[in-house]
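A.B. asks: structure for this input, please:
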Amino acid sequence: MDVVIFEGKGVSLNDFYQSKHWTHRQKLKKKYNAIFRNLFKEFNIGRYEKFEITIYYNSRLDPDNVIGLEKVFTDTLNKYNHIEDDNKKYYKGVSVYPCEQFKSDTYVIFIHHAN
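C.D. replies: Now for the predicted structure:
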């Protein structure tokens, strides 16, 4: 199991849908891709074949909107070969839990090996 702690404004699912223009989505993906790439190095993230993601967070986002952040996180794991792939053969599940004990705009993301 690995853990990544991200402190900052999270990208929401709504952020992706607010603009219908693909360049807006590309800019968001590029920004968070760079953030997560640096965090993967900082937290020495390993490689996973089958995996699950668990996110605990405190922000203005509803749990369903955290999926925007999770999507970019998982795509970045895939881009830098930390996972085999993000399809259902390898990605076995995601759970998202609000945690008001954290300071605002904090996301604690666990990557678990799965069967």
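A.B. asks: mind giving me the packing neighbours of the least confident helix or strand in the chain by mean pLDDT?
C.D. replies: Between all helices and strands in the chain, the lowest mean by mean pLDDT, DSSP states H and E belongs to helix 13-18, at a mean of 81. For helix 13-18, the elements it packs on are helix 22-42, helix 67-79, judged by 3 or more Cβ pairs under 8 Å, 6 or more residues apart in numbering; DSSP states H and E. Just so you know, the C-beta spots here come from the backbone N, C-alpha and C atoms, and that holds for glycine as well.
A.B. asks: for the ones you listed, could you give me a markdown table that also reports mean pLDDT?
C.D. replies: Shown next, in a markdown table, are those (pLDDT from 0 to 100):
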| stretch | mean pLDDT |
| --- | --- |
| helix 22-42 | 92 |
| helix 67-79 | 96 |
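A.B. asks: just those helices: most buried one?
C.D. replies: Ranked by mean neighbour count, the helices and strands packed on helix 13-18 are led by helix 67-79 with a mean of 20 (mean count of other Cβ atoms under 10 Å).
A.B. asks: re the thing from before, in the least confident helix or strand of the chain, which residues are buried?
C.D. replies: By 16 or more other Cβ atoms under 10 Å, the buried positions in helix 13-18 come out as Leu13, Asp15, Phe16.
A.B. asks: hmm, back to that, turn the helices and strands packed on helix 13-18 into a markdown table, including distance to Lys92.
C.D. replies: Putting the helices and strands packed on helix 13-18 into a markdown table (distance: least, Cβ to Cβ, whole Å) gives the following:
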| stretch | distance to Lys92 |
| --- | --- |
| helix 22-42 | 20 |
| helix 67-79 | 12 |
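A.B. asks: so which of the ones you listed gets nearest Gly93?
C.D. replies: Of all the helices and strands packed on helix 13-18, helix 67-79 sits nearest to Gly93, with 11.2 Å by Cβ to Cβ.
A.B. asks: and the closest one, what does it pack onto?
C.D. replies: With contacts defined as 3+ Cβ pairs under 8 Å, 6+ apart, helix 67-79 has these neighbours: helix 13-18, helix 22-42, strand 51-58, strand 91-98, strand 106-113.
A.B. asks: change it to 7 Å
C.D. replies: helix 13-18, helix 22-42, strand 51-58 (3 or more Cβ pairs under 7 Å, 6 or more residues apart in numbering; DSSP states H and E).
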